[in-house]
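Q: Quick one, structure for this:
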Amino acid sequence: MNRRILALIAILAAGSWTLGGSGTSQAPPFALDETTIEQLQQAMREGRYTAAQLVELYTGRIEAIDRSGPTLRSVIELNPDAASIAASLDAERKAGRVRGPLHGIPILIKDNIDTGDRMMTTAGSLALEGSRAPRDAFVIAQLREAGAVLLGKTNLSEWANIRSTKSTSGWSARGGQVRNPYVLDRNPCGSSSGTGAAIAANLAVVGVGTETDGSIVCPAGANGLVGIKPTVGLVSRSGIIPISKTQDTAGPMARTVADAVALLSAMAGADPRDEATAASKGKPVDFSKALNAGALKGARIGVARQRYFGYSPKADALVDEAIRVMKAQGAVIVDPANITTASRMDACELDVLLYEFKDGLNAYLKTRPDAEVTSLEELIAFNTREAEREMPFFGQELFEMAQKKGSLSSPEYKKALTACRTAARASGIDAVMTTHKLDALIAPTGTPAWPIDLVNGDHFQGASSSPAAIAGYPNITVPAGDVQGLPVGISFFGRAWSDARLVSLAYAYEQATKHRKPPTFIPSLVR
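A: So this is what the prediction gives:
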């Protein structure tokens, strides 16, 4: 599409971006603000919109909000084929074929997920710039088959935030710093920062993130979204730049639970290229059936207070209010229901991730023969040579630590993995849920977003993602309110393959509260 036409669309669809006298910015008006998948499907059924028109409108929104105006820097690349894909899906609809809920729906994909098209897959790194994946990741093939339109790739914390111990979430050498659309000088959290900021700002209907530990739920919580980190094995990881074979997963990020579920249902499925998905065979993948507004009645909910409360009194207060709402909806609250092994997970997790990252990345880079680097060792050397561009703010300490690790057959790795899995699973989540006969555990997803600081790195205080992440169990965050305009999420997590039950509980809570608010693009809380 001609750039001049895109600029015109941006002006017509969005208007101009101005700073209001009250210190809040006036977000450009947009016809599709807070629109859901079902609303767009109805509009296409009635002929009010086509998929091609949706692509034009969202592309214009990206030009107006992401690349100018507030300049979120959340979209790292647009798909040059999006318009033609949308047109072919419109032709299918006209011929009477509608593939499902995602038919013609524009979505955004995190830039560590392979797309076998004209877009790059770089994890935000200059080392992979110019390189294209030879084939679609399994989840991308699933989404194409479901009729989704890949609108573009989203920026992220470079290499999904495993490069440095002093990183700033949302920064990549290729994409720059993603900004939080609620307060622009605040961090969007990572590593799926671009997906979080983009979907919150209505740059697409839904988006795909990935998580190793917190990388879906933290940016979802910080950007007022629903984020689902599924059980490891429900969604394939083949074709996704890896960190951990035991913890990695892709998952949906959306403005409503129903939209997140529509995306998750399309993504799920067994993949011969990912052995972890074999465990998903025979398990339900249509999670729309779990959308039950009355699911809290009689549900037993445990409050994981120890270690996961106390970082932010204001965030804690929002979750305490959420507990009151759940009680009013008929839930039985067990408070506290602490994970007594929580403190035993930290050291072993880092060891596991470093071993698995080295092994997984070296294997993945062999699938990218046109890339400038073919191993972690070469990547470290590239970053050293290109330090002015690649490491202007923080280094690559975690890369260097991973490079020193041995193979996955080493006793040290096996010991760390066993320790982590026992602490997170049998002695952790499973134990507390069995003791108290729980349907789910809850805790604050994290704190309100901290200021962006490229000098000192993240001002991270605490979060609740680790037990479910280390166990490979599901975790869903839903908006719980805000602190001075900064969203805070509440997390529902539980046993392996309890994804549908958690969807029901999260949906019931969402419907009882409806805390989601669109962003205000405030420049700063400092006056």
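
Q: can we go C-alpha only for contacts and neighbour counts from here?
A: Fine.

Q: Just name the shakiest helix or strand of this protein by mean pLDDT.
A: Comparing every helix and strand of the chain by mean pLDDT, DSSP states H and E singles out helix 3-14 as the least confident one, with a mean of 35.

Q: Now do the helices in the stretch 101-250 of the chain.
A: Remark: helices of the stretch 101-250 of the chain, listed N- to C-terminal, are 138-145, 193-200, 217-222; assignment by DSSP state H, counting those that start in this stretch.

Q: Figure out which of the ones you listed is closest to residue 293.
A: helix 217-222 (21.2 Å; CA to CA).

Q: which residues does residue 487 bridge with?
A: Taking DSSP bridges, one obtains residue 482 as the residues bridged to residue 487.

Q: For this protein, give the helix that spans the most residues.
A: Taking DSSP state H as the assignment, the helix of the chain that covers the most residues is helix 346-365.

Q: okay, the residue in the chain sticking out farthest from the centre: pLDDT?
A: Relative to the centre of the chain, the most outlying C-alpha is that of residue 95, 34.8 Å out, by CA atoms, centre = their mean. At residue 95, the predicted lDDT confidence score is 98.

Q: ditto for the one 5 residues further on
A: At residue 100 the predicted local confidence, pLDDT, stands at 98.

Q: Tell me who's in contact with it.
A: Under the criterion of CA atoms under 8 Å, 6 or more residues apart in numbering, the contact list for residue 100 reads 146, 147.

Q: Give me the three-state assignment for it.
A: Counting by DSSP: H, G, I helix; E, B strand; the rest coil, the backbone at residue 100 sits in coil.

Q: Look at residue 76 and tell me its secondary structure.
A: With three-state DSSP as the basis, residue 76 sits in strand.

Q: on that earlier part again, name the residues of the longest helix of the chain that are buried.
A: For helix 346-365, the buried set under the neighbour-count rule, 16 or more other CA atoms under 10 Å, comprises 348-349, 351-365.

Q: Next, residue 406: secondary structure please.
A: At residue 406 the chain is in coil, as set by three-state DSSP.

Q: From residue 348, how far off is it?
A: In this structure, residue 406 and residue 348 are separated by 15 Å, where distance is defined by CA to CA, to the nearest Å.

Q: what's the answer for residue 42, then?
A: Between residue 42 and residue 348 the distance is 49 Å, computed by CA to CA.

Q: can you give me the strands for the stretch 201-350 of the chain?
A: Along the stretch 201-350 of the chain, counting by DSSP state E, counting those that start in this stretch, strands occupy 206-211, 226-229, 249-254, 300-303, 332-334.

Q: Flag the shaky bits of the stretch 1-150 of the chain, pLDDT-wise.
A: In the prediction, the stretch 1-150 of the chain carries residues with pLDDT under 70 at positions 1-27.

Q: please redo it, this time with the cut-off set to 50
A: 1-23 (pLDDT under 50).

Q: Pull the number of nearby residues for residue 97.
A: If you count neighbours by other CA atoms under 10 Å, residue 97 ends up with 12.

Q: residue ranges for the strands of the stretch 51-200 of the chain, please.
A: 75-78, 106-110, 149-154, 171-172, 176-177.

Q: out of these, nearest to residue 381?
A: Here strand 171-172 is closest among those (CA to CA), at 17.6 Å.

Q: How about residues contacting that closest one?
A: Looking at strand 171-172 with CA under 8 Å, 6+ apart, the contacting residues turn out to be 124, 125, 155, 156, 157, 158, 177, 178.

Q: Tabulate those residues (TSV), appending distance to residue 460.
A: Rendered in TSV, the data for these read as follows (distance: CA to CA, whole Å):
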residue	distance to residue 460
124	21
125	23
155	20
156	17
157	14
158	17
177	17
178	16
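
Q: Compare those residues and tell me which has the most neighbours.
A: Neighbour tally across the contacts of strand 171-172 (other CA under 10 Å): the maximum, 39 neighbours, falls on residue 156.

Q: shouldn't it be in contact with residue 187?
A: No - in this structure, residue 156 is not within contact of residue 187 by CA atoms under 8 Å, at 11.9 Å.

Q: Give me the common contacts of these two.
A: Between them, residue 156 and residue 187 share these contacting residues under CA under 8 Å, 6+ apart: 169, 170, 178.

Q: wait, the first one sits on residue 190?
A: When you say that, I think you mean residue 169. Yes - in this structure, residue 169 sits in contact with residue 190. The criterion is CA under 8 Å, and the distance is 5.0 Å.

Q: So for these two, which residues contact both of them?
A: 156, 157, 161.

Q: quick one: the last one and residue 361, what's the gap?
A: Residue 161 sits 14 Å away from residue 361, taking CA to CA as the criterion.

Q: What of residue 130?
A: Noted for residue 130: a distance of 18 Å to residue 361, by CA to CA.

Q: Could you do residue 273 as well?
A: The separation that residue 273 has from residue 361, given CA to CA, amounts to 16 Å.

Q: okay, the nearest residue to residue 520 once chain neighbours are set aside: pLDDT?
A: Using CA to CA, 6 or more residues apart in numbering and skipping residues adjacent in sequence, the residue nearest residue 520 is residue 182, 5.2 Å away. In this prediction, residue 182 carries a pLDDT score of 98.

Q: so what's residue 182 up against?
A: Taking CA under 8 Å, 6+ apart as the contact definition, residue 182 lies against 223, 485, 486, 519, 520, 521, 522.

Q: Now it. Its backbone dihedrals?
A: The phi and psi torsions at residue 182 (degrees, to the nearest 10) take the values phi -80, psi -50.

Q: same question for stretch 164-178, mean pLDDT?
A: For stretch 164-178, the per-residue pLDDT values average out at 98.

Q: So for it, what gets flagged as buried?
A: Counting neighbours by 16+ other CA under 10 Å, one finds that the buried residues in stretch 164-178 are 164, 166-178.

Q: next one: the helix or strand hosting residue 480 to chain centre, how far?
A: Residue 480 is located in strand 475-483, with elements delineated by DSSP states H and E. When C-alpha coordinates are averaged (CA atoms, centre = their mean, to the nearest Å), strand 475-483 and its chain have centres 14 Å apart.

Q: quick one: it to strand 249-254, angle?
A: 40 degrees (axes from the mean of the first three to the mean of the last three CA atoms, to 10 degrees).

Q: Give me the helices and strands touching strand 475-483, please.
A: In this structure, strand 475-483 makes packing contacts with helix 217-222, strand 226-229, helix 313-328, strand 486-493, helix 499-513, judged by 3 or more CA pairs under 8 Å, 6 or more residues apart in numbering; DSSP states H and E.

Q: now that strand and helix 313-328, what's the angle there?
A: For strand 475-483 and helix 313-328, the angle between their directions (the same axes, to 10 degrees) works out to 120 degrees.

Q: Show me what strand 475-483 is in contact with.
A: Counting contacts by CA under 8 Å, 6+ apart, the residues touching strand 475-483 from outside are 217, 220-221, 224-231, 257, 314-315, 318-319, 322, 445, 448, 465, 468, 487-494, 499, 502-503, 506, 510, 513-516.

Q: so for that strand, what's the average pLDDT?
A: Average pLDDT, strand 475-483: 99.

Q: related to what we said a few turns ago, what sits up against the longest helix of the chain?
A: With CA under 8 Å, 6+ apart, helix 346-365 has contacts from 241-245, 371, 373-376, 398, 401-403, 405-408, 413, 416-417, 419-420, 470.

Q: Give me the buried positions along the helix or strand following it.
A: Of the helices and strands lying after helix 346-365 in sequence (DSSP H and E), the nearest is helix 376-385. Neighbour-count burial for helix 376-385 flags 376, 377, 379, 380, 382, 383 (criterion: 16+ other CA under 10 Å).
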